[in-house]
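**Student:** okay, sequence plus prediction incoming.
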Amino acid sequence: MTDKRPAAVLLALLLAAPAHAAILEVGPTRAFATPAAAAQAAQDGDTIVLDPGEYYSCAIWTHNRLTIVGAGPGVVITDTTCQGKALFLVQGNDTTIRNITFARARVADRNGAGIRAEGRGLTVESSSFLNNQIGLLGGDAPASTVRVVDCTFSGNGVRDIGSPAPALSVGAIAILHVEASRFEGSLGGAHIFSAANRTELAANRIEDGEAGVRDALVVLANGGSLAMTDNLLRRGPNAARVNAAVHAYPGPAGVLELSRNTLRNASARPAALLLNWSRGTAVFAANVLDRGDSESSSEGSWRHQAIAAARDLYANARHLAGTELRALQRILR
């Protein structure tokens, strides 16, 4: 059968692949009918090419330096999750995923992801995440960098749970870099939830829908540094619990640099570009705000610290009481 993919696409893949690596082709007429079959055969450094079409097949990628790419528009991974976690479960290091749509990931724990990153180093380019419980989810990996470039996140997230699921979430990693991507219609607590040591956001469009997210558009869950430049941010008409574009929680001190960002506020109360509860230093330059909004606020910080201190005191008191009770029981035996 004649290969209908553009010759330029095939040539680019051949030139990009290391000489020792293989190109594994996936599709109804290819050697591998599903991504799962290709994942089982892949070796370090291989390139996996998916023909356009819907794949009701999840995949677990365990090898390193893999490139997984859609050969054209309309490559969709949907509905089937692996290990109760994700459509694509990436366990290898230094993986690149390009030109693929991830849709309708659902699991019992309500944190089903389009992509779940469990390895170190992930790049996702020109891909879409549609109607997943979480679009992209990454765990703790202190030396890892997650890069998201030219991607769309639409209709992801879960609201009606204790900790609402965001569209994009990473744990304690070195760097989260998100560039030229669009976030819209998130149903969870935030569009971007980052516990990275450094978060970089450049030239993105991050917008509430009519319902809006419950927290800020972007949450820095563990302090750290922020470089945020040339983003368009929109708060919807239903003001959230926290009416801010970025909410920096307490954590390691870092520099929070926000420049040339535009905040549009459709809610009925003032919004802040940055709600800063961290110990970091904020630096602002050439941001554009609606009348009545502010670049920086610390509203609620003291209350949050007081509640956290009270919880710590209560936990320590319970621990001490338990220790003394066990000592008394040993004496009375």
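**Tutor:** Ah, there it is.

**Student:** pLDDT below threshold where in the stretch 201-333 of the chain?
**Tutor:** 239-240, 301-329, 331-333 (pLDDT under 70).

**Student:** show me where it has its helices.
**Tutor:** In the stretch 201-333 of the chain, the helices defined using DSSP state H, counting those that start in this stretch lie at 301-332.

**Student:** for this structure, which strand extends over the most residues?
**Tutor:** The residue-count maximum for a strand in the chain (DSSP state E) belongs to strand 141-149.

**Student:** that strand packs against which elements?
**Tutor:** The contact analysis (3 or more C-beta pairs under 8 Å, 6 or more residues apart in numbering; DSSP states H and E) places strand 141-149 against strand 113-117, strand 122-125, strand 134-138, strand 173-179. Every C-beta, even on glycine, is put in place using the N, C-alpha and C of the backbone.

**Student:** buried ones in it?
**Tutor:** By 16 or more other C-beta atoms under 10 Å, the buried positions in strand 141-149 come out as 141, 144-149.

**Student:** any chance of those residues in a markdown table, plus distance to residue 61 and pLDDT?
**Tutor:** Formatted as a markdown table, the buried residues of strand 141-149 follow (distance: C-beta to C-beta, whole Å; pLDDT from 0 to 100):
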| residue | distance to residue 61 | pLDDT |
| --- | --- | --- |
| 141 | 15 | 96 |
| 144 | 15 | 98 |
| 145 | 17 | 98 |
| 146 | 15 | 98 |
| 147 | 17 | 98 |
| 148 | 17 | 98 |
| 149 | 19 | 98 |
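
**Student:** closest one to residue 243 out of these, please.
**Tutor:** Nearest to residue 243 among the buried residues of strand 141-149: residue 148, at 25.5 Å, using C-beta to C-beta.

**Student:** tally of neighbours for the closest residue to residue 201 other than its chain neighbours?
**Tutor:** With C-beta to C-beta, 6 or more residues apart in numbering as the criterion, residue 201 has its nearest non-adjacent residue at 4.6 Å, and that residue is residue 228. Using other C-beta atoms under 10 Å, residue 228 is surrounded by 24 other residues.

**Student:** which ones are touching residue 228?
**Tutor:** Applying C-beta atoms under 8 Å, 6 or more residues apart in numbering to residue 228 gives the contacts 199-202, 218, 246, 256-259, 261.

**Student:** please flag which of those residues sit within strands.
**Tutor:** Those of the contacts of residue 228 lying in strands (DSSP E): 199-202, 218, 246, 256-259.

**Student:** show me which of those residues is closest to residue 189.
**Tutor:** residue 218 (11.1 Å).

**Student:** residue 270: how many residues sit nearby?
**Tutor:** Here the number of neighbours of residue 270 (other C-beta under 10 Å) works out to 17.

**Student:** quick one, phi/psi of the spatially most central residue of the chain?
**Tutor:** By C-alpha atoms, centre = their mean, the chain has its centre lying nearest to residue 168, at 2.3 Å. Note on residue 168: backbone dihedrals following degrees, to the nearest 10 are phi -140, psi 130.

**Student:** surely it meets residue 191?
**Tutor:** Yes - using C-beta atoms under 8 Å, residue 168 makes contact with residue 191 at a distance of 6.9 Å.

**Student:** joint contacts of the two?
**Tutor:** By C-beta under 8 Å, 6+ apart, residue 168 and residue 191 have these common neighbours: 153, 183.

**Student:** and stretch 243-260, end to end?
**Tutor:** Start-to-end span of stretch 243-260 (C-alpha to C-alpha, to the nearest Å) is 20 Å.

**Student:** go through it and flag the buried ones.
**Tutor:** 243-251, 254, 256-258.

**Student:** and the furthest pair within these?
**Tutor:** 243 and 254 (23.3 Å).

**Student:** and the residue nearest to the centre of the chain, how far is that from residue 34?
**Tutor:** Distance, residue 168 to residue 34, by C-beta to C-beta, to the nearest Å: 26 Å.

**Student:** with residue 22 instead?
**Tutor:** 17 Å.

**Student:** what do you get for residue 137?
**Tutor:** Residue 137 sits at a distance of 22 Å from residue 34 (criterion: C-beta to C-beta).

**Student:** who has more neighbours out of those two?
**Tutor:** residue 137 (26 against 20).

**Student:** got a list of what the spatially closest residue to that one that is not a sequence neighbour touches?
**Tutor:** Closest residue in space to residue 137, ignoring its immediate chain neighbours: residue 113 at 4.0 Å, by C-beta to C-beta, 6+ apart. By C-beta under 8 Å, 6+ apart, residue 113 lies in contact with 85-87, 105, 132-137.

**Student:** among those residues, find me the one that's closest to residue 125.
**Tutor:** Of all those, residue 125 sits closest to residue 136, with 12.3 Å by C-beta to C-beta.

**Student:** correct me, but the closest one touches residue 165?
**Tutor:** No - counting by C-beta under 8 Å, residue 136 sits too far from residue 165 to count as a contact (11.4 Å).

**Student:** neighbour count winner among the two?
**Tutor:** Between residue 136 and residue 165, counted using other C-beta under 10 Å, the more crowded position is residue 136 (31 against 26).

**Student:** who's the more buried one bridged to?
**Tutor:** Using DSSP bridges, the bridge partners assigned to residue 136 are residue 115, residue 168.
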